[in-house]
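Peer 1: I would like to see how this sequence folds:
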Amino acid sequence: MPEQPAPSTPGAQGAGDARDTAAPVAHRPAPPAARRAGLLLVLVLGGLTATPPLAMDMYLPSLPEVTRSLHAPAATVQLTLTACLAGMALGQLVVGPMSDRWGRRRPLLTGLAVYVVATALCALAPDAETLVAVRLAQGLAGAAGIVIARAVVRDLYDGVAMARFFSTLMLVSGVAPVVAPLIGGQILRVTDWRGVFVVLTVVGALLAALVWVRLPETLPPAGRHAGGAAAAVRAMRALLADPPFTGYMLAGGFAFAALFAYISASPFVIQEIYGASPQTFSLLFGLNSVGLVIAGQVNGKVLVGRVSLDKVLGTGLVVTVLAATALLLMSAGLLGPVGLAPVAAALFVLMSAMGLTLPNAQSLALLRTRHAAGSASALLGTSSFLVGAVASPLVGIAGERTAVPMAIVQLAGALVALACFVGMCRPWARGNTRASAEGAER
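Peer 2: Residues are numbered from 1 along each chain as shown. Presented below is the predicted three-dimensional model:
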């Protein structure tokens, strides 16, 4: 989630360091042409934000088919998800500083061009090893959209306007996983898994053309800097030395591991173990994503400002632990024979809890920063993607005929996340609950 600059308020001492996160003055004026773009700007930046979930989730219904087509084990095919996720994680650390130094358009257009080429090569991959390699390149290039869409919003807006725009982009990024598997499932009705990548290639090319024609440069030369890698490393080291920041970062990262264990294993669990069709899987995946979106909207529109972020985060983590425990008991057969319905219900609860957990962990971490909001955002994004990338191959370690590894990874991730939150953040000891809520309101 983005940082939300706020003026200092007497009596809210715990949030003082969190509020001086506004971009430099040179970043604040919005180029008039870009501000007038209105809906078109939302569509362009929304498309950039939606590109990663599209690249990940349109492909999910075809995972079992890929294992058969390329004669590869499930664990190897799941590495194609890991590679894409790892690329998105590492790419954020590279593209972010590049856009601060050379402006937004050049790195973004370069990233989109590489993304289109890599996606086309995915459709042509002759074996699983090649597919893993080009998926890594696809993720590295796709990271440009994640980082620069957020940076463009920071260039154009400030304060409440920036927060509202980010809320719109977050809604787009929540809807994209809902429609992506549905689209992927429908594509598989008329073609094979390679056709999914053909569609993604066309979408990427159209988005690149739209950015080329309609998205102006939003960071003027006067606002650019060449701080270099050393300055970024120093800022990140200082952030990691703050136990609450690191606790929130790890809580969000390991919660994301539970989420990504579901993303990478659910095609096999639902289709291979419970015999559902790709279309049924797509519908269930979409329903679970709707749960995440609804919980996120309730969090942003109802809970924030009324309930402290720490309490909501803690509740989300506890619900995640309970849902993962239920999944493990069902997967191991300790509750007797169960069908698809109870497993799908537990997955729905787990996914919905992410709508409370992930945004609040990121918000609370960003509230700890003063002058290093960009570095904090990079650490949060990269750590989540990397932990998710590690979790992905673990869920297939026992083959594709058991859901136990998925449930174990989910429960372990949720328990570690809760332990980091309780042990490192300790909101009751620091008295930052009220201050965090006040900072979020602003």
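
Peer 1: for the helix or strand residue 56 falls within, packing partners?
Peer 2: With elements delineated by DSSP states H and E, residue 56 resides in helix 39-57, which encompasses its position. Judged by 3 or more CB pairs under 8 Å, 6 or more residues apart in numbering; DSSP states H and E, the packing partners of helix 39-57 are helix 74-102, helix 105-124, helix 128-156, helix 159-190, helix 193-214. Backbone N, C-alpha and C define where each C-beta goes, glycine included.

Peer 1: what about 7 Å?
Peer 2: Packed against helix 39-57 by the contact rule (3 or more CB pairs under 7 Å, 6 or more residues apart in numbering; DSSP states H and E) you find helix 74-102, helix 128-156, helix 159-190, helix 193-214.

Peer 1: per-domain residue ranges of the protein.
Peer 2: Under the assignment automatic domain parsing, the domains of the chain span 31-226, 229-442.

Peer 1: re earlier: buried set for the helix holding residue 56?
Peer 2: Neighbour-count burial for helix 39-57 flags 41, 44-57 (criterion: 16 or more other CB atoms under 10 Å).

Peer 1: where does the chain dip in pLDDT?
Peer 2: 1-38, 158-175, 177-178, 223-229, 231-232, 366, 369-377, 398-401, 430-442 (pLDDT under 70).

Peer 1: for whichever helix or strand comes after the helix holding residue 56, buried residues please.
Peer 2: Reading on from helix 39-57 to the C-terminus, the next helix or strand found by DSSP H and E is helix 63-69. Going by neighbour count (16+ other CB under 10 Å), the buried part of helix 63-69 is 63, 64, 65, 66, 67.

Peer 1: not counting its neighbours along the chain, what's nearest the second one?
Peer 2: In other words, residue 64. Here the nearest residue to residue 64 in space, its sequence neighbours aside, is residue 271; by CB to CB, 6 or more residues apart in numbering that works out to 5.6 Å.

Peer 1: report the separation between that neighbour and residue 188.
Peer 2: From residue 271 across to residue 188, the span is 11 Å (CB to CB, to the nearest Å).

Peer 1: measure how far the helix or strand in which residue 417 is found is from the centre of its chain, please.
Peer 2: For residue 417, the enclosing helix or strand under DSSP H and E is helix 404-420. Taking CA atoms, centre = their mean, to the nearest Å, one finds helix 404-420 lying 18 Å from the centre of the chain it belongs to.

Peer 1: cool, stretch 42-50 as well?
Peer 2: The mean C-alpha position of stretch 42-50 is separated from the chain mean by 14 Å, CA atoms, centre = their mean.

Peer 1: ok, the residue nearest to residue 145 when sequence neighbours are not counted - contacts?
Peer 2: Setting aside the residues directly before and after it, residue 145 is nearest to residue 48 in space (CB to CB, 6+ apart), at 3.6 Å. By CB atoms under 7 Å, 6 or more residues apart in numbering, the contact set of residue 48 is 145, 148, 149.

Peer 1: then residue 358?
Peer 2: Residue 358 makes contact with 252, 255, 256, according to CB under 7 Å, 6+ apart.

Peer 1: I'd like these as JSON lines, with secondary structure, distance to residue 216 and neighbour count appended.
Peer 2: What follows is these, written out as JSON lines (DSSP: H, G, I helix; E, B strand; the rest coil; distance: CB to CB, whole Å; neighbours: other CB atoms under 10 Å):
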{"residue": "252", "secondary structure": "helix", "distance to residue 216": "33", "neighbour count": "30"}
{"residue": "255", "secondary structure": "helix", "distance to residue 216": "37", "neighbour count": "31"}
{"residue": "256", "secondary structure": "helix", "distance to residue 216": "33", "neighbour count": "27"}
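
Peer 1: count the neighbours of residue 291 for me.
Peer 2: Around residue 291 there are 20 other residues, counting by other CB atoms under 10 Å.

Peer 1: next one: it from residue 323, what distance?
Peer 2: Look at residue 291 and residue 323: by CB to CB, they are 11 Å apart.

Peer 1: nearest to residue 120, of the helices and strands packed on helix 39-57?
Peer 2: For these, distance to residue 120 was read as CB to CB. The smallest value, 4.6 Å, belongs to helix 193-214.

Peer 1: quick check: buried residues in the closest one?
Peer 2: The neighbour-count check on helix 193-214 (16+ other CB under 10 Å) flags 193, 196-201, 203-205, 207-208, 210-211 as buried.

Peer 1: stretch 276-287 now?
Peer 2: Of the residues in stretch 276-287, those with enough neighbours to count as buried (16+ other CB under 10 Å) are 276, 278, 279, 280, 281, 282, 284, 285, 286.

Peer 1: quick one, what contacts the closest residue to residue 114 other than its chain neighbours?
Peer 2: Among residues not flanking residue 114 along the chain, residue 141 sits closest, at 3.8 Å (CB to CB, 6+ apart). With contact set as CB under 7 Å, 6+ apart, residue 141 has these partners: 91, 111, 114, 115, 118.

Peer 1: quick check: the farthest pair among those residues?
Peer 2: The widest separation within these, taken as CB to CB, falls between 91 and 118 and amounts to 11.5 Å.

Peer 1: just want to know which of the two has more residues nearby.
Peer 2: A count of neighbours by other CB under 10 Å puts residue 91 above the other of residue 91 and residue 118, at 29 against 25.

Peer 1: surely that one is in contact with residue 145?
Peer 2: No: under the criterion of CB atoms under 7 Å, residue 91 lies out of contact with residue 145, with a separation of 9.7 Å.
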